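Engineer: sequence-free structure coming up:
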């Protein structure tokens with residue numbers, strides 16, 4: 001995996017986590033993602049783990 005793709009995966013994971021944090025703080029509201037907040041955080045963590053190798 002190239003450095004560029006690793007950085008892109010990390011960037012997507014950071015964006016997912018920021019959206020989840022803003023949803024938790026009621027800054028933004030995306031009702032379709034409310035039931036999946038836990039699983040999105042797991043996916044973001046997994047993306048960071050994959051890209052850190």
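Structural biologist: Everything's here; your move. In this text the structure is predicted, and so the values were computed from the model without any measurement. Residues are numbered from 1 along each chain as shown.

Engineer: quick one, helices of this protein?
Structural biologist: Secondary structure of the chain by DSSP state H: the helices cover 3-24, 37-51.

Engineer: buried ones in the first one, by neighbour count?
Structural biologist: In other words, helix 3-24. Within helix 3-24, the residues that count as buried by 16 or more other CB atoms under 10 Å are 9-10, 13, 16-17, 19-20, 23. No exception for glycine: its C-beta is placed from N, CA and C like everyone else's.

Engineer: out of the helices of the chain, flag the one nearest residue 31.
Structural biologist: Closest to residue 31 of the helices of the chain is helix 3-24 (CB to CB; 9.7 Å).

Engineer: ok and the closest one relative to helix 37-51, angle-wise?
Structural biologist: Put simply, helix 3-24 runs at 160 degrees to helix 37-51, going by axes from the mean of the first three to the mean of the last three CA atoms, to 10 degrees.

Engineer: check which helices and strands helix 3-24 is in contact with.
Structural biologist: Applying 3 or more CB pairs under 8 Å, 6 or more residues apart in numbering; DSSP states H and E, one finds that helix 3-24 makes contact with helix 37-51.

Engineer: contacting residues around residue 40?
Structural biologist: Residues in contact with residue 40 (CB atoms under 8 Å, 6 or more residues apart in numbering) are 16, 20, 33.

Engineer: gap between it and residue 3?
Structural biologist: Separation of residue 40 from residue 3 (CB to CB, to the nearest Å): 25 Å.

Engineer: tally of neighbours for residue 39?
Structural biologist: Around residue 39 there are 10 other residues, counting by other CB atoms under 10 Å.

Engineer: let me fix that, I meant to ask about residue 33.
Structural biologist: Counted with other CB under 10 Å, residue 33 comes out at 15.

Engineer: next one: residue 44
Structural biologist: 21.

Engineer: pLDDT wise, what is it at?
Structural biologist: Predicted confidence (pLDDT) for residue 44: 97.

Engineer: having no further points to raise, I will conclude here.
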